[in-house]
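Peer 1: Take this sequence and fold it.
(one chain, ligands or ions: 1)
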Amino acid sequence: MKIISTPLELKKVLQENQKSVGFVPTMGALHEGHISLIRKAKEENELVVVSIFVNPTQFLKGEDLDKYPKKDEADKVICELCDVDILFFPKADDIYMEDEVSILAPNVRGFVLEGASRPSHFNGVLTVVMKLLNIVNPTKAYFGKKDAQQLNLITLMVKQFFMDVEIVPVDTVREKDGLALSSRNVYLSDKERVEALKISASLKEATNMISKNILDVDSIKDKMLEILNPLEISYVEILNRDFEYLKCVEVGNSVILVEAKVGDTRLLDNIWL
Ligand code: AMP
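Peer 2: Numbering: from 1, shown residues only. I've put the predicted structure just below:
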């Protein structure tokens, strides 16, 4: 595995390459969720590039940028074991320059849900993803469905900017008890870890209701809120796959999304129906 830290060096190596390239962008502290993206990329491409970059522009003031979990050595070992070809490990000033051009998230879809609780977050996400995709120029890039709004906006950006990359969504990996894997789960105390299970439990109950043909969005949301109580909830929403609000679940075209705070930790989860 080659470890490369500058965009120019990576571009040079990749320009000499004729193979199909699968790209997995991450912020490190790798877990089984990231590994499932890497595995899919390995299956579908001749060469796999993983990036580890904790992108400062997607964190708002007062968020956890400074304490975001860092496991550089373990991450390198995981990438080696997953047979990653190139690990791209840039520093902030390799990626950002002075007086930056930036990508703005769309006015509606970028500022609802997580975009409402974290205004400007998706500007930072889209800007860094645009930069990384331009550096790597992959055939396919892999993103988790767990960050459903992020995935939706990246897909939109790639389409609207006529970019030549296929965005591949990957299913959410969970712990045995249902908790969606996240690098931020390490912030949870034992007690909070138990409380956090209410999030996946509420999504499971929503699936149960839908399987009994209860499709009314308000009834499902009420039941979910009951289960999530007393967590601090940012949103519980049921949308179609284009992120438009629904009155009734459309099976095969819906996403149910939850963001809740457990202690000081913001956790996201969703289910695609
Ligand atoms: P992050 O390092 O949190 O920025 O995540 C990097 C990529 O891994 C993103 O595309 C995430 O959506 C994806 N990801 C994070 N957690 C999971 C999970 N539990 N299952 C599948 N993909 C995930």
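
Peer 1: The chain: strands as residue ranges?
Peer 2: Taking DSSP state E, the strands of the chain run over residues 2-4, 21-26, 47-52, 86-88, 140-144, 166-170, 232-240, 254-262, 265-272.

Peer 1: Residue 181: neighbour count?
Peer 2: Close neighbours of residue 181, defined as other C-beta atoms under 10 Å, add up to 18. The C-beta positions use only the backbone N, C-alpha and C, and glycine is treated the same way.

Peer 1: surely it meets residue 33?
Peer 2: Yes. When contacts are counted by C-beta atoms under 8 Å, residue 181 is listed as touching residue 33 (4.2 Å).

Peer 1: Spit out the residues that contact the two alike.
Peer 2: 146, 172, 173 (C-beta atoms under 8 Å, 6 or more residues apart in numbering).

Peer 1: would you list those in JSON lines and tack on neighbour count and pLDDT?
Peer 2: Output for the shared contacts of residue 181 and residue 33, formatted as JSON lines (neighbours: other C-beta atoms under 10 Å; pLDDT from 0 to 100):
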{"residue": "146", "neighbour count": "19", "pLDDT": "97"}
{"residue": "172", "neighbour count": "20", "pLDDT": "98"}
{"residue": "173", "neighbour count": "16", "pLDDT": "98"}
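
Peer 1: out of the residues you listed, who's nearest residue 112?
Peer 2: residue 146 (17.7 Å; C-beta to C-beta).

Peer 1: mind listing what the closest residue to that closest one other than its chain neighbours touches?
Peer 2: Spatial nearest neighbour of residue 146, chain neighbours left out: residue 172 (4.3 Å); criterion: C-beta to C-beta, 6 or more residues apart in numbering. Residues in contact with residue 172 (C-beta under 8 Å, 6+ apart) are 33, 144, 145, 146, 180, 181, 269, 270.

Peer 1: out of the strands of the chain, nearest to residue 72?
Peer 2: strand 47-52 (7.5 Å).

Peer 1: what about that closest one, distance to the chain center?
Peer 2: 16 Å (C-alpha atoms, centre = their mean, to the nearest Å).

Peer 1: Stretch 243-259 now?
Peer 2: A distance of 18 Å separates the C-alpha centroid of stretch 243-259 from that of its chain, computed with C-alpha atoms, centre = their mean.

Peer 1: just stretch 28-45 next, same as before
Peer 2: On C-alpha atoms, centre = their mean, the centre of stretch 28-45 falls 13 Å from that of its chain.

Peer 1: now swap in stretch 207-217 and tell me
Peer 2: On C-alpha atoms, centre = their mean, the centre of stretch 207-217 falls 26 Å from that of its chain.

Peer 1: got it, and stretch 94-101?
Peer 2: 23 Å.
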